[in-house]
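Asks: Sequence first, predicted coordinates after that:
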Amino acid sequence: MQTSGGMPVHKYAPYEPIGLDDRTWPGRHLTKAPLWGSVDLRDGNQALIDPMDVARKRKMFDLLVSIGFKEIEVGYPAASQDEYDFVRHLIETDAIPDDVVIQVLTSIRTEALERSVAAVRGARKAVVQYIIPTSAAQRQVVFRASRAEMLAKSLEGARQAVRLQETTPETEIFLSYVPESYTQTEPDFALEVCNAVQEYCAPRTDRTLRIALPATVEAFPPHELADRIEYMSRELAYRDRTILTLHPHNDRGSAVAATELALLAGADRIEGCLFGNGERTGNVCIPTLAMNLFSQGIDPMLDLRDLDGMRRVVEDCNQLPVSPRHPWVGEFVYTSFAGTHQDAIAKGLKAREGEDADAFWDVPYLPVDPRDIGRSYQALIRINTQSGKGGIAHLLRTSQGVTLPRRLQIDFAHVMQSFCEQQGGEIGVDKLWQIFTDRYVTPGTEAPEEGPAGTPAPAFSLDGDSGGWREPVQQMLTALSVPAALQDILVDRLEGRAVYAAFCEVSSGTRVLWGVGIHENDAEAVRAAVRAVARRAQREAPRTQDATMAAPAKTSRV
């Protein structure tokens, strides 16, 4: 039975559901990508330990353009000279493509609005997003204002914004009203203030209207946000000419889920950052949302074919690492260490060999083809104590072209399990191949060419049928003083190489030994495999004897 952890739960009140009993979003399905708005250069930048300088900001801006963002928030020009100067830098260096709209954020104060409009002057198109908190806590604690007073402030900001909208004929300015802390604002008041702004702005401009609803703090489960977005989408004035934006944060760890449900509920546009950077727990991760769409066969309207390259630029600009477990882009997200997973992946990839690269994707444990986002298959399977024979065999086949017989897979898996348990950590492909060759291949280079008393090892020829190799191979084992019976001799050509691999399996008492030979000539590969197994037998015979002698003592101690 679980017991109370002693946390002061009495300090916190549960959220009050909006109670949208006739909700329709659960029956909908996403069929297209939303409009994307990057806020990396503003919301993301203000959350950095070391905010970006102009060079890093420009590098981030160019990345966002190359990915395909058509709306990019480039700063808060009324907040500082540096912010203002960067917006001017983009405009004056003609860095903004014709199909990209920049956005700036500002408070609702008149002087801040004027400074922001001056900053974007000369751009082809720009969004001026003016913001005022509307939550009960901020009304009471920060502004000490009533609902009516906050509504009046919002309308005064709208008046000034509309006035300034017409002062830059060379720049088409779109206005976006933001009731900050929307998720902590009473739904009826949020609707009242948004509709008041809509009613003022709509008759005074023929341009698209914009309302942005921020989950400034994620305050309730995803389904509740969806209900509140559907409520706003239904009741918002001039909805047919309004772009409804959602700006989610990740305080509860469910920003992605909340955003996807909010899109079902009617949101048109999503603001977020690359890989979830932003205040506190971060903004919603746009690449995660986009890849979720891609994995369902929906065009994300962003170019994510080099996710690792994107990650490197973002880490450099933000001076923060992306978690190796971050969805879709983390170092380990297409990697399996567990044996059962490795075996399934290896078989799934094997089944696709020879198929067209665009064939329908259905490989266990891999929701997308890693090649589609710039990853290779090389790192899909990595070896540690949890790994199994299937994964090990897959790595040897894909890195060296060697296809191991099943019984050899089992034998080598035990070898690797023991090695990993003793050494700890992960084993790379190069080390894996070294251990394999030390165990099964290189012993043959030191094995005797002659039997006792100088008896030469018998020569033999291959007739193309493995059944014809058994007798001469057994004769060679006898001539080399290997007290073992041949179980199997197999020869296979290495994938993609004009080289043969021979696998020799023998039994010596209760033990099974393997030797592997690799050579450009198939007969020489067989001879090398026999020499390798002979050397193995010589090396391990004393160990077997010592272990047998030591056994009684060990038993007596127990």
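Replies: In hand now; what should we look at? Numbers count the residues shown, from 1 in each chain.

Asks: Name the next helix or strand following the helix or strand of the chain with the lowest mean pLDDT along the chain.
Replies: Lowest mean confidence among the helices and strands of the chain (mean pLDDT, DSSP states H and E): helix 443-446, at a mean of 47. Following helix 443-446 in sequence order, the next helix or strand is helix 470-479 (DSSP states H and E).

Asks: helices and strands around that following helix, which ones?
Replies: strand 485-493, helix 522-557 (3 or more CB pairs under 8 Å, 6 or more residues apart in numbering; DSSP states H and E). Quick note: C-beta positions are derived from backbone N, CA and C, even for glycine.

Asks: Now the weakest link among these, please, by mean pLDDT.
Replies: Across the helices and strands packed on helix 470-479, helix 522-557 has the smallest mean pLDDT, namely a mean of 63.

Asks: would A212 count as being in a strand?
Replies: Yes. Assessed by DSSP: H, G, I helix; E, B strand; the rest coil, A212 belongs to a strand.

Asks: which residues touch it?
Replies: Q129, S176, Y177, V178, T245, L246, H247, R269, E271 (CB atoms under 8 Å, 6 or more residues apart in numbering).

Asks: ok, of those, which one's closest to P34?
Replies: Of all the contacts of A212, P34 sits closest to R269, with 5.7 Å by CB to CB.

Asks: you'd agree the closest one is up against V39?
Replies: No. Judged on CB atoms under 8 Å, R269 makes no contact with V39 at a distance of 11.7 Å.

Asks: higher neighbour count, the two?
Replies: Counted by other CB atoms under 10 Å, R269 and V39 do not tie: V39 has more neighbours, with 26 against 19.

Asks: Quick check: phi and psi at the more buried one.
Replies: Phi and psi for V39, reported as degrees, to the nearest 10, are phi -120, psi 30.

Asks: The spatially closest residue to R210 that is not a sequence neighbour pairs with what?
Replies: Residue nearest to R210 in three dimensions, not counting chain neighbours: S176, with 3.7 Å by CB to CB, 6 or more residues apart in numbering. As for beta bridges, S176 partners with Q129, R210 under DSSP bridges.

Asks: Then the one 4 residues further on?
Replies: Note on E180: beta-bridge partners by DSSP bridges are P133.

Asks: what's it in contact with, if anything?
Replies: By CB under 8 Å, 6+ apart, the contact set of E180 is I131, I132, P133, T134, S135, Q138, P214, T216.

Asks: Now do the buried residues in stretch 133-153.
Replies: Buried residues in stretch 133-153, counted by 16 or more other CB atoms under 10 Å: P133, T134, S135, Q138, R139, M150, L151, K153.

Asks: Pull the distance from it to the chain's centre.
Replies: Distance of stretch 133-153 from its chain centroid, counting by CA atoms, centre = their mean, to the nearest Å, is 41 Å.

Asks: OK, contacts around the residue nearest the centre of the chain?
Replies: Among the residues of the chain, the one closest to the centroid is W328, at 1.8 Å (CA atoms, centre = their mean). Residues in contact with W328 (CB under 8 Å, 6+ apart) are P287, T288, M291, L307, I373.

Asks: From L63, how far off is the first one?
Replies: Shown here: P287 relative to L63, a distance of 12 Å by CB to CB, to the nearest Å.

Asks: Who has more neighbours out of those two?
Replies: Using other CB under 10 Å, the more surrounded residue of P287 and L63 is P287, with 27 against 20.

Asks: what's the helix or strand containing the more buried one in contact with?
Replies: Assessed by DSSP H and E, P287 sits inside helix 286-294. For helix 286-294, contacts defined as CB under 8 Å, 6+ apart pick out 30, 33, 36, 38, 256, 259-260, 270, 272-276, 299-302, 304, 307, 310, 326-329, 368, 372-373.

Asks: Restricting to C-alpha, output that helix in PDB.
Replies: Output of helix 286-294 as PDB, limited to C-alpha atoms (Å, rounded to 0.1, in the frame of the first residue of the first chain):
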ATOM      1  CA  ILE A 286       8.300  22.400 -33.000                       C
ATOM      2  CA  PRO A 287      10.500  19.700 -34.600                       C
ATOM      3  CA  THR A 288       8.800  17.100 -32.300                       C
ATOM      4  CA  LEU A 289       5.300  18.300 -33.500                       C
ATOM      5  CA  ALA A 290       6.400  18.300 -37.100                       C
ATOM      6  CA  MET A 291       8.000  14.900 -36.900                       C
ATOM      7  CA  ASN A 292       4.900  13.500 -35.300                       C
ATOM      8  CA  LEU A 293       3.000  14.700 -38.300                       C
ATOM      9  CA  PHE A 294       5.600  13.300 -40.700                       C
END
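
Asks: sorry, back to before: ok, so of the contacts of E180, who is nearest Q165?
Replies: Using CB to CB, those come closest to Q165 at I131, 16.4 Å.

Asks: pretty sure the closest one is in a strand, no?
Replies: Yes. Under three-state DSSP, I131 falls within a strand.

Asks: Need the overlap of contacts for P287 and L63.
Replies: Contact with both P287 and L63 is made by residues L274, M310, according to CB under 8 Å, 6+ apart.

Asks: got the contact list for M232?
Replies: P187, A190, L191, C194, I211, L213, L244, G266.

Asks: Can you point out the buried residues in whichever helix or strand it is part of?
Replies: M232 belongs to helix 222-235 when assigned by DSSP H and E. For helix 222-235, a neighbour-count test (16+ other CB under 10 Å) marks P222, H223, E224, L225, A226, D227, R228, I229, E230, Y231, M232, S233 as buried.

Asks: ok so, going back, redo the contacts of A212 as JSON lines? Include distance to Q475 and pLDDT.
Replies: Formatted as JSON lines, these follow (distance: CB to CB, whole Å; pLDDT from 0 to 100):
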{"residue": "Q129", "distance to Q475": "86", "pLDDT": "98"}
{"residue": "S176", "distance to Q475": "87", "pLDDT": "98"}
{"residue": "Y177", "distance to Q475": "91", "pLDDT": "98"}
{"residue": "V178", "distance to Q475": "87", "pLDDT": "98"}
{"residue": "T245", "distance to Q475": "81", "pLDDT": "98"}
{"residue": "L246", "distance to Q475": "78", "pLDDT": "98"}
{"residue": "H247", "distance to Q475": "79", "pLDDT": "98"}
{"residue": "R269", "distance to Q475": "79", "pLDDT": "98"}
{"residue": "E271", "distance to Q475": "77", "pLDDT": "98"}
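
Asks: quick one, strands of the stretch 201-350 of the chain?
Replies: 209-215, 242-248, 269-272 (DSSP state E, counting those that start in this stretch).

Asks: need the ones you listed in TSV with distance to F419, can you?
Replies: Shown next, in TSV, are these (distance: least, CB to CB, whole Å):
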stretch	distance to F419
strand 209-215	49
strand 242-248	46
strand 269-272	44
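
Asks: So K32: helix, strand or coil?
Replies: K32 ends up coil, using three-state DSSP.

Asks: Can you tell me how far the residue nearest to the centre of the chain is from G401?
Replies: Relative to G401, W328 is positioned 30 Å away (CB to CB).

Asks: Test my guess that the residue nearest to R210 contacts S116.
Replies: No. With contact defined as CB under 8 Å, S176 does not count as touching S116 (11.6 Å).

Asks: More neighbours: which of those two?
Replies: S116 (28 against 22).

Asks: so who does the more buried one touch?
Replies: Counted by CB under 8 Å, 6+ apart, S116 has contacts P77, A78, V104, L105, T106, V128, Y130.
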